[in-house]
Structures are given as structure tokens and as C-alpha cells.
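*Asks:* I need the structure of the sequence given here:
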Amino acid sequence: MDLEARLGAVYADLPPGERAIARAILDDYPYAALGSLRALAQRAGVSPPTVSRLVGRIGFPTYADFQEAVRGADRSRLRTFVTEPADLDAAARTLRAGLDGCLAAVPEPLLETVAERLAGAGAVWALGGRLSELAAEYLVRQLASLRPGVRHVPGPAPERARVLLDLGPADLLVAYDFRRYSPDNARFVRAAAGRGARLVLVTDAWESPLAPLADVLVRLPREASGPIDPMTLEVAVTELILVTVANRLGPAGRLAELEELTRDLSR
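*Replies:* Numbering: from 1, shown residues only. As a prediction, the model looks like this:
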């Protein structure tokens, strides 16, 4: 097993302190794992013995053994990406397995719950991180065709502050938050929750630090097949959500009017 697989195998059963270490490692892998034991403990906000316990739990006698494994895995990964031809069949199998896992992680009752929130909210705002922003933008573009009051959270702080002015308990925030979790987005989400807005959080197996704030939590097992993070998984789950919302809203009349307005404006 590689390091990520070892952590994934035990993550759900880890006590909070060891979970914090796992997140710290994976948020800045491999660099967070290559500093001193004390530095990693400080980064995670735990004691050095807690780091030692986690390292032992995933099969390393000492922290030095753990670091050597990290260095070896990193060298091996670099050689594979730079000097060896890509195994496209293996990459495709991994992506398909990841897609199957993601779809299985969003059963129908969860989809219906998310759809109910999206259909019934006063206003819907969405945001994402460096890559997951694409999934958030896709949700906004498609959902705005199905119902009014759907917006994308802007980037600059002054514009975000203006959004917060009008947020309240009737409104819904959809946040896509994957490693490495965005501190700017976390500040906005916490401020929105403080004003009563509800949160649908789409995150990874390691769970965003925002998970305790979520009204509905969608946790996806993300599988990587190479040096890039696949967006297929988030988009596929977003499309499932959108189809479920459409079935709930029955937006045929709205979509027909949208088509007519589009034709009029295109003449």
C-alpha cells in the first residue's frame, strides 16, 4: 500500500488528533511529511506523541522509517511520470473504478435530500476551490436554467462581503471543498453559516474541515490515475444532483421560455 492508501484504510477510525495529522500530511504532500516530527505536530496542532502513534498505526516502527518511505514513494512516482510510458489501460480502469465509487457514495435518498434543499432554498450560492470551482460553475449554469435565484460566489473579499449582507436562513450555500482545502472559502462559508445560511458540502474521503457545519454532507472517494486530479467525478455527481432537482421541479415551462428568449436575443 502507498501512504495515501494506508491512511485511507484507517482514516474513518482515527481519533481527532490523528485525523488532524493525516489531513496536514495530505494537504501538503510530500513536504509536510519531510520536516521534523515536532514541526508536523505543530502544523496539525497536536503533540509529538500523537504523530508517533499515527505513524505506528500505519505500519512504520519510527518516524524516520515513515519519512524514508515517503521519499522512496515520491522518487518512484517521479520516475514513473517522467521516464516510463503511461499505462493508459490502467489509468482508465482507475478512473472507472473511481467513478463507480463516487456514484455508489451518493445513494438515492442522499440525492433526494440535496435536491430538496436546492429546489426549496430562497437563493442558492455555489463556490469551489482551485479545480472544484469548475464543478461549482457547472452547477450554477445548469441550475439557473431550472430555477431562479442561483448565483456563483465571487472571488474578491469586498464582493463576498456584499453577498453575506443578504444571506439568511432561507438561503443555501453549495461548497465543493477538496484537498487542499481553501482557507478563503472556509472563511466565507463560516461567515455564511453564522448568518443562518444552510450548507450542502461536497468533499473528499478526508472530509473538509467545514464538515461539522454541513446541513447535508456528500463525501466522495476521489481516485487519481496519474499526476492530475480527475474532474469527471465531481461533474458526474453534480449531474446526478441536477437530474434529481429537475425531476422535482418539473421545469419544462421555464426551459421553453428560456429557449424562446434565447432565440429572440439571437436574431
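*Asks:* what pLDDT does Asp27 get?
*Replies:* Listed pLDDT for Asp27 reads 76.
*Asks:* again with Gly98
*Replies:* Looking at Gly98, its pLDDT reads 71.
*Asks:* Under a three-state scheme, what state does it occupy?
*Replies:* The three-state assignment at Gly98 reads helix, by DSSP: H, G, I helix; E, B strand; the rest coil.
*Asks:* thinking it is in contact with Pro221, fair?
*Replies:* Yes. Counting by CB atoms under 8 Å, Pro221 is a contact partner of Gly98 at 7.1 Å. C-beta coordinates here come from the backbone N, C-alpha and C atoms, glycine included.
*Asks:* So these two - more neighbours on which side?
*Replies:* Gly98 (20 against 15; other CB atoms under 10 Å).
*Asks:* worst-scoring helix or strand of this protein, pLDDT-wise?
*Replies:* helix 63-83 (a mean of 68; mean pLDDT, DSSP states H and E).
*Asks:* Ala135: neighbour count?
*Replies:* Number of residues near Ala135 (other CB under 10 Å) recorded here: 24.
*Asks:* can you give me the strands for the stretch 101-250 of the chain?
*Replies:* Using DSSP state E, counting those that start in this stretch, the strands of the stretch 101-250 of the chain run over residues 124-127, 150-152, 172-177, 198-204, 216-220.
*Asks:* Put together TSV for those strands, with mean pLDDT on each row.
*Replies:* Shown next, in TSV, are those (pLDDT from 0 to 100):
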stretch	mean pLDDT
strand 124-127	98
strand 150-152	97
strand 172-177	97
strand 198-204	94
strand 216-220	91
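*Asks:* looking at the ones you listed, which is closest to Phe60?
*Replies:* Closest approach to Phe60 among the strands of the stretch 101-250 of the chain is made by strand 198-204 (23.7 Å; CB to CB).
*Asks:* for that closest one, packing partners?
*Replies:* Contact analysis of strand 198-204 by 3 or more CB pairs under 8 Å, 6 or more residues apart in numbering; DSSP states H and E lists helix 108-120, strand 172-177, helix 183-194, strand 216-220, helix 232-249 as its packing neighbours.
*Asks:* For Val70, the count of nearby residues, please.
*Replies:* Val70 has 20 neighbouring residues, counting by other CB under 10 Å.
*Asks:* residue contacts, it?
*Replies:* 3, 30, 33-34 (CB atoms under 8 Å, 6 or more residues apart in numbering).
*Asks:* at 10 Å what do you get?
*Replies:* Counting by CB atoms under 10 Å, 6 or more residues apart in numbering, Val70 makes contact with 2-3, 25, 29-34, 60.
*Asks:* what's the answer for Ala252, then?
*Replies:* Residues in contact with Ala252, defined by CB under 10 Å, 6+ apart, are Ala246.
*Asks:* Just want to check the distance between it and Val124.
*Replies:* Separation of Ala252 from Val124 (CB to CB, to the nearest Å): 20 Å.
*Asks:* With Glu18 instead?
*Replies:* Taking CB to CB, one finds Glu18 at 36 Å from Val124.
*Asks:* Mind pulling the model confidence for the closest residue to Arg147 other than its chain neighbours?
*Replies:* With CB to CB, 6 or more residues apart in numbering as the criterion, Arg147 has its nearest non-adjacent residue at 6.0 Å, and that residue is Leu249. Leu249 is assigned 94 on the pLDDT scale.
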